[in-house]
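Chemist: Sequence and predicted structure are below.
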Amino acid sequence: MVRKSIKLDRLNRRILTELQNNARISNNELSTIIGLSPSACLQRVKALEDSGYIIGYAMVANVDKLCVNVKAYAHFTLKSNTYEHCGVFEKGIKKYSEVVDCMKVNGSIDYIAFMMVSSIEDFNSVCNEIMKDTLGVEKITSHFVLETAKWFGGYPLESLEWKVQDE
């Protein structure tokens, strides 16, 4: 799919910030906040989607209210962290729905993953499956979440330096 290129001007950056804060905002409300006509605002949102700046919209469930769960951060150390071995791990780890996110990091470990399961026994089972799989994992170190002080609420777009500035 060919992505269209658009300017990431002040208005587009504001649209992205507002949509991240409230993805359910109506186009009329958004256009009022941004200071554009509804049709111009909708065209910009569509262009941001078409250019790949907006990759989706999500609902966030209150998992603690809905489900019995155990949250943990798992540190994965690979037997070898060559480009090929990392590619095998990255492709393979995606099949585990219990792995909510996984990031390659520097330091004494290779990857950190946030995982969610129903019990410590389930966590152990998933880790055993990952170890038995052909992902090249040498060691898994885990840290169980006792309490959540702050949950992900979006990226701090207002305080990050944007790659593309007004031209």
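Modeler: Ah, there it is.

Chemist: For Phe89, give me phi and psi.
Modeler: phi -60, psi -50 (degrees, to the nearest 10).

Chemist: Equivalent analysis for the one 5 residues further on, please.
Modeler: Comment: the main-chain dihedrals of Lys94 come out as phi -70, psi -20, following degrees, to the nearest 10.

Chemist: Likewise for Val137?
Modeler: Val137 adopts backbone torsions of phi -80, psi 130, taken as degrees, to the nearest 10.

Chemist: Repeat that for Ala72.
Modeler: Backbone torsions for Ala72, taken as degrees, to the nearest 10, come to phi -150, psi 150.

Chemist: So, low pLDDT: which residues of the chain?
Modeler: Residues of the chain that meet the criterion pLDDT under 70 lie in 1-4, 164-167.

Chemist: ok, now how distant is the residue of it positioned farthest from its centre from Leu30?
Modeler: Relative to the centre of the chain, the most outlying C-alpha is that of Ser37, 31.4 Å out, by CA atoms, centre = their mean. As for Ser37, its distance to Leu30 is 11 Å (criterion: CB to CB, to the nearest Å). Bear in mind the C-beta positions are built from the backbone N, C-alpha and C, glycine included.
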